[in-house]
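A.B. asks: Quick one, structure for this:
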Amino acid sequence: MKKTFFIVFILLFTTIFNYCRLPENNVCLVPTQFVMAKINNLYSLILGKDATVWATGNNSSGQLGTGQSGSGIKETTFTKVASDVKMIAAGGSHSLIIKTDGTVWATGDNAYGQLGKVGTYTTFTPVASDVKMIAAGYAHSLILKNDGTVWTTGYNNYGQLGTGDNTTRNTFTKINKELFKCK
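C.D. replies: Numbering: from 1, shown residues only. Got it, this is the predicted structure:
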């Protein structure tokens, strides 16, 4: 039994070691434990206990953060895309991470301003600071800052940003507490 387990472990480790890639060098250190996973129907993100982010799947909009995008661009094995991360979120075709210093970084589709910063990004770029939690919808994003305030950005045709209107936004907008209704 121990011998079989050891052989399976060696095969699994060898497979992971041979197939993972790091942009910064040729060394691959795979976390021994993962603490969070986020998926949508086309790609997956996982967060290692060592604060590294690994991504796989469709990357047509740069949502994996590998620096590439375009039709047919995809990763079929988990690739390390970020480090020093404490939380991840996977949107429709965009991704958000919170670094250990409380900054939010985003990458991917930004057609509706869902990254919270004007521009096109295929690697993680900073978009907000002093953040405790993040969430990503199909084409919008939400952050909860350390002071307890809620900020949203992106597509708002159905009022999903909670701003009291249907205006799409391309930067994070603070939600006024007067807009919260108790029923």
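
A.B. asks: Mind jotting down where the helices sit in this protein?
C.D. replies: All helices of the chain, identified by DSSP state H, fall at 2-19.

A.B. asks: what bits of it have low per-residue confidence?
C.D. replies: Within the chain, the ranges that satisfy pLDDT under 70 run 1-28.

A.B. asks: Would you mind giving the domain segments of it?
C.D. replies: Listed by automatic domain parsing, the domain ranges of the chain are 1-30, 31-178.

A.B. asks: Take those domains and lay them out in JSON lines including mean neighbour count.
C.D. replies: From N, CA and C alone the C-beta is placed, and that goes for glycine too. Formatted as JSON lines, those follow (neighbours: other Cβ atoms under 10 Å):
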{"stretch": "domain 1-30", "mean neighbour count": "10"}
{"stretch": "domain 31-178", "mean neighbour count": "18"}
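
A.B. asks: so residue 76 sits right up against residue 58, yeah?
C.D. replies: No. In this structure residue 76 lies outside contact range of residue 58 using Cβ atoms under 8 Å: 10.5 Å.

A.B. asks: what sits in contact with each of these two?
C.D. replies: Counting by Cβ atoms under 8 Å, 6 or more residues apart in numbering, no residue touches both residue 76 and residue 58.

A.B. asks: Quick one: the strands in this structure, in order.
C.D. replies: 34-39, 43-48, 53-58, 74-82, 85-90, 94-99, 104-108, 121-128, 131-136, 140-145, 150-154, 169-174 (DSSP state E).

A.B. asks: what's near enough to touch the residue nearest to residue 40 when sequence neighbours are not counted?
C.D. replies: On the basis of Cβ to Cβ, 6 or more residues apart in numbering, the spatially nearest residue to residue 40 that is not a chain neighbour turns out to be residue 90, at 5.0 Å. Contact analysis of residue 90 by Cβ under 8 Å, 6+ apart lists 38-40, 43-45, 63, 136.

A.B. asks: Nearest to residue 114 among the strands of the chain would be which one?
C.D. replies: Smallest distance to residue 114 across the strands of the chain (Cβ to Cβ): 3.5 Å, for strand 150-154.

A.B. asks: distance of residue 66 from residue 81?
C.D. replies: To residue 81, residue 66 is 6 Å away according to Cβ to Cβ, to the nearest Å.

A.B. asks: One more: residue 145?
C.D. replies: 24 Å.

A.B. asks: Please identify which pair of the contacts of residue 90 lies farthest apart.
C.D. replies: 44 and 136 (13.4 Å).

A.B. asks: Does residue 44 touch residue 38 like I think?
C.D. replies: Yes. The criterion here is Cβ under 8 Å, and residue 44 meets it with residue 38 at 7.4 Å.

A.B. asks: Okay, and the beta partners of residue 45?
C.D. replies: Per DSSP bridges, the residues bridged to residue 45 are residue 38, residue 55.

A.B. asks: Next, the contact list for it, please.
C.D. replies: Residue 45 neighbours (Cβ under 8 Å, 6+ apart): 37-39, 53-55, 88, 90, 95.
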